[in-house]
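Peer 1: This is a predicted model, with the sequence first.
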Amino acid sequence: MTTVLDRSLRLLEMLARAPEGLPLAALADRLEMPRSAAHRLLGELVRQGYVRQGRDGGPYALTLKLVGLGLTFLAESGIPDIAQPVLDRLAAASGELVRLGVIRDGRLVWVAKAQGARAGLRYDPDNGAEAHLASTANGQAWLATLPEEAALALVAAQGFGEAARLGPQAPRSVQALLARLAVARAQGFATVSESSAPGTAAVAAVIRAAPAATAIGVLSIAGPSSRLDAARLQALAPALLVAAAELGQAGQASPLLRGVP
């Protein structure tokens, strides 16, 4: 049975992907819940200050309260102090977007970034999003470190994604994904082009506290595929691996990176 808490969290997650807000009917229909139930839950979320409603019964949208909680959590975790200097240096050297993802509870979530592109095309998605494992360099880098059964279980839980929202080179089958993971495993990092989104490319490497330890995060460099061709991705890999190793050593000072509950 779907609980009140489950429904409330699903409403918050849906609104997090709609910064301009959504009307009651759209929220209820997309989440397949009665409109009366959605209305009651949204009313309570408004009362608690997590959601606001537009004038004259307008759309519902998140307030900054939830954002503030996330920023407070990241500040207390030490991520800004520990990771940001490393991300800034790598972004400046590569001239592209550098992102840090943390692995917790079977999920990979981007928590910090640095933009190295100062002009021209810029690839700059929002923080806080959960990485799509099958199509992103971040996801493939992590999956390549896992036993095949464990990797496929994570992908099965998340799905291969909607083809219309992904790039034309995104893997669409288990066989195609396993072939990508084999390459990533052999070279020690993952590369994708036109996979997670059209017109983008990325290279990613996992972060470990020790060489043989379980991956605790993923570091990536991403940008327009017009700049990041296969040769450029390979050329960026050594600097990426050095930065990932640095974060692995420094990450022991952060409860979030070292996996403390």
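Peer 2: In hand now; what should we look at? Numbers count the residues shown, from 1 in each chain.

Peer 1: need the strands for the protein, in chain order.
Peer 2: Under the criterion DSSP state E, the chain carries strands at the ranges 51-53, 60-62, 97-104, 107-115, 190-193, 200-208, 215-224.

Peer 1: export those strands to CSV and tack on mean neighbour count, distance to L236 and mean pLDDT?
Peer 2: Placement of C-beta: from N, CA and C, glycine included. Supplementary listing: these in CSV, determined by neighbours: other C-beta atoms under 10 Å; distance: least, C-beta to C-beta, whole Å; pLDDT from 0 to 100:
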stretch, mean neighbour count, distance to L236, mean pLDDT
strand 51-53, 19, 41, 91
strand 60-62, 20, 35, 91
strand 97-104, 24, 10, 90
strand 107-115, 19, 14, 87
strand 190-193, 26, 9, 98
strand 200-208, 26, 6, 95
strand 215-224, 26, 5, 93
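
Peer 1: Which of those sits closest to A37?
Peer 2: Across the strands of the chain, A37 has its closest neighbour in strand 60-62 (14.0 Å, C-beta to C-beta).

Peer 1: Please name every helix or strand in contact with that closest one.
Peer 2: Packed against strand 60-62 by the contact rule (3 or more C-beta pairs under 8 Å, 6 or more residues apart in numbering; DSSP states H and E) you find helix 4-16, strand 51-53.

Peer 1: let's see 6 Å
Peer 2: Counting contacts by 3 or more C-beta pairs under 6 Å, 6 or more residues apart in numbering; DSSP states H and E, strand 60-62 is packed against strand 51-53.

Peer 1: So which residues make contact with the strand it packs on?
Peer 2: 42, 45-46, 60-61, 63 (C-beta atoms under 6 Å, 6 or more residues apart in numbering).

Peer 1: Quick check: the residue lying closest to L45 once chain neighbours are set aside vs L15, distance?
Peer 2: Leaving out its chain neighbours, the residue that sits closest to L45 by C-beta to C-beta, 6 or more residues apart in numbering is V51, at 4.0 Å. The gap separating V51 from L15 is 7 Å, by C-beta to C-beta, to the nearest Å.

Peer 1: ditto for R35
Peer 2: 16 Å.

Peer 1: can you check G139 too?
Peer 2: 25 Å.

Peer 1: Could you give the bridge partners of I103?
Peer 2: In this structure, I103 bridges to L108 when assessed by DSSP bridges.

Peer 1: per the record, what domains does this protein have?
Peer 2: Listed domain ranges for the chain are 4-63, 77-253 (source: automatic domain parsing).

Peer 1: who touches stretch 154-173?
Peer 2: Counting by C-beta under 6 Å, 6+ apart, 132-135, 177, 180, 194-195, 197-198 sit against stretch 154-173.

Peer 1: Whichever of these end up buried, select them in PyMOL.
Peer 2: Filtering the contacts of stretch 154-173 down to the buried ones (16 or more other C-beta atoms under 10 Å) takes a single PyMOL command:
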select buried, resi 132+133+134+135+177+180+194+195+197
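
Peer 1: Looking at the domains of the chain, which one is packed in the most?
Peer 2: domain 77-253 (a mean of 19; mean count of other C-beta atoms under 10 Å).

Peer 1: Tell me where the model's unsure across the stretch 101-250 of the chain.
Peer 2: For the stretch 101-250 of the chain, the stretches flagged by pLDDT under 70 are 118-128.
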